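Enquirer: Just to be clear, the model below is a prediction. Sequence and coordinates:
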Amino acid sequence: MKTNYNRTVQACFIGYVVQAIVNNFVPLLFLTFQGSYGISLQKITLLVTFNFGIQLLVDLASIGFVDRIGYRASMILAHAMAAAGLILLTVLPECLGNPFVGLLIAVMIYAIGGGLLEVLVSPVVEACPTDNKEKAMSLLHSFYCWGCTGVVLFSTVFFALFGTEHWKILTLLWVIIPVCNMILFTKVPIYSLHEEGEKGMTMGELFREKVFWFLMIMMVCSGASEQAVSQWASTFAEQGLGITKTIGDLVGPMAFSILMGTSRLIYGKYGDRFDLDQFMKLSTLLCIGSYLLIAFVPVPADRHSWDLFRVRFPIICAWELEPQFFSRFCCWRDLC
């Protein structure tokens, strides 16, 4: 009997939603943390730093243990850590003498889950012997964006109805998703690329490739350009521009996510028609242009200035350098 891997692919899609929760929920609460716990924005910045720093370290460490313990165990561990971190987010700040330390510990725990998901989801989908694999991978790469959109939209509606003072209830509601998906990963079939006898490059071989270091620098810059906006758009809109949290979240991080997801879908569907080098250069110029707007467009003192910021900023930022470009670029350079 032929194994059906569709539920595996669906579980991986939800895995990216979990990662979207890990990366994008807490930034919506930066000003809430500042007001409730008296934590400065300078310290709150460290939450972002530790989140992605831990994820990066987990990405590197996963090379040594994922194949040994298996993809299923790793997926379960990733979701368990994400759920545990979110739960501790509601408990540790009050339990510990220093609320910031409590927040930091919780962030570091769910960052482990986010880091594992980053390196696990794509290979699992890629390995599944399913029809329309290219379509599945294209949809997968956009699903993180739709997850971000859902996180911002649902959170914004919740805060508008019940207030930000009830953020802990919302946090526990978000815990349901990683818990349910963890259970799903205990049941779905998982197919490994190693079962097909495929063998990747060793770390030594990879580090000797000059194009690897070039691509790594590009990915660092790409990630920085994305996260600097997505992590701080809500805080900037509310505190810097003086607009309401509801409007700020909708036209800031949510608009960013929608347009980024749309650009990924477009590239996934029509990418073979584009000149890859030219498209990446265009994406770079658009990112540069978006930051020039942020830096030099005056802080909106009137509605016209705000409309300019609101419309152009997310549209330009949406065309960021994203993973599908680099995947195809690596294949083009015979690195995969």
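Expert: Received the coordinates, thanks.

Enquirer: The helix or strand hosting Q55: what's the following helix or strand?
Expert: Counting by DSSP states H and E, the element that carries Q55 is helix 41-69. The helix or strand immediately downstream of helix 41-69 is helix 71-89, counting by DSSP H and E.

Enquirer: Run through who's touching that following helix.
Expert: Under the contact criterion CB atoms under 8 Å, 6 or more residues apart in numbering, helix 71-89 has outside partners 15, 18-19, 21-22, 25-26, 62, 65-66, 69, 102-103, 105-114, 116-117, 120, 123-124, 171-172, 174-175, 178-179, 181-182, 185-186, 190, 192. C-beta: built from backbone N, CA, C; applies to glycine.

Enquirer: Please list only the buried members of those.
Expert: Burial by neighbour count, 16 or more other CB atoms under 10 Å: within those this picks out 15, 18-19, 21-22, 25-26, 62, 66, 102-103, 105-114, 116-117, 120, 124, 171, 174-175, 178-179, 181-182, 185, 190.

Enquirer: Out of the residues you listed, name the ones that lie in helices.
Expert: Among the buried ones among the contacts of helix 71-89, the ones falling in helices (DSSP state H) are 15, 18-19, 21-22, 62, 66, 102-103, 105-114, 116-117, 120, 124, 171, 174-175, 178-179, 181-182, 185.

Enquirer: What are the structural domain limits within the chain?
Expert: As assigned by automatic domain parsing, the chain contains the domains 1-199, 200-336.

Enquirer: could those be laid out in TSV, adding mean pLDDT?
Expert: Converted to TSV, those look like this (pLDDT from 0 to 100):
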stretch	mean pLDDT
domain 1-199	86
domain 200-336	66
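
Enquirer: Deepest-packed of the ones you listed, please.
Expert: domain 1-199 (a mean of 18; mean count of other CB atoms under 10 Å).

Enquirer: to the chain's geometric centre, what's the distance from that domain?
Expert: With CA atoms, centre = their mean, to the nearest Å as the basis, domain 1-199 stands 8 Å off its chain's centre.

Enquirer: tell me which element the nearest residue to F30 once chain neighbours are set aside falls in.
Expert: Leaving aside its chain neighbours, F30 sits nearest to T235 (4.7 Å; criterion: CB to CB, 6 or more residues apart in numbering). Assigned by DSSP H and E, T235 belongs to helix 233-235.

Enquirer: G97: what secondary structure?
Expert: coil (DSSP: H, G, I helix; E, B strand; the rest coil).

Enquirer: Give me the phi and psi for it.
Expert: Dihedral pair for G97: phi -70, psi -30, per degrees, to the nearest 10.

Enquirer: what's the answer for A127, then?
Expert: Phi and psi for A127, reported as degrees, to the nearest 10, are phi -80, psi -20.

Enquirer: any idea how far it is from D59?
Expert: 18 Å (CB to CB, to the nearest Å).

Enquirer: what helices or strands is the helix or strand harbouring L285 leaning on?
Expert: Assigned by DSSP H and E, L285 falls within helix 276-296. Where contact means 3 or more CB pairs under 8 Å, 6 or more residues apart in numbering; DSSP states H and E, helix 276-296 is packed against helix 210-230, helix 303-318, helix 323-332.

Enquirer: Report the inter-axis angle for that helix versus helix 210-230.
Expert: Between helix 276-296 and helix 210-230, the angle comes out at 40 degrees (axes from the mean of the first three to the mean of the last three CA atoms, to 10 degrees).

Enquirer: got the CA positions of helix 276-296 in PDB?
Expert: Taking Å, rounded to 0.1, in the frame of the first residue of the first chain, the C-alpha atoms of helix 276-296 are listed here in PDB:
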ATOM      1  CA  LEU A 276      17.900  35.100 -11.600                       C
ATOM      2  CA  ASP A 277      20.800  37.500 -11.400                       C
ATOM      3  CA  GLN A 278      18.800  40.500 -12.500                       C
ATOM      4  CA  PHE A 279      15.900  39.600 -10.200                       C
ATOM      5  CA  MET A 280      18.200  39.400  -7.200                       C
ATOM      6  CA  LYS A 281      19.800  42.700  -8.100                       C
ATOM      7  CA  LEU A 282      16.400  44.300  -8.400                       C
ATOM      8  CA  SER A 283      15.400  42.900  -5.000                       C
ATOM      9  CA  THR A 284      18.500  44.400  -3.500                       C
ATOM     10  CA  LEU A 285      17.800  47.800  -4.900                       C
ATOM     11  CA  LEU A 286      14.200  47.700  -3.600                       C
ATOM     12  CA  CYS A 287      15.500  46.900  -0.100                       C
ATOM     13  CA  ILE A 288      17.900  49.700  -0.300                       C
ATOM     14  CA  GLY A 289      15.200  52.000  -1.500                       C
ATOM     15  CA  SER A 290      12.900  51.000   1.300                       C
ATOM     16  CA  TYR A 291      15.500  51.800   4.000                       C
ATOM     17  CA  LEU A 292      16.200  55.200   2.400                       C
ATOM     18  CA  LEU A 293      12.500  55.900   2.700                       C
ATOM     19  CA  ILE A 294      12.600  55.000   6.400                       C
ATOM     20  CA  ALA A 295      15.700  57.100   7.000                       C
ATOM     21  CA  PHE A 296      14.900  60.200   5.000                       C
END
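
Enquirer: Many thanks, have a good one.
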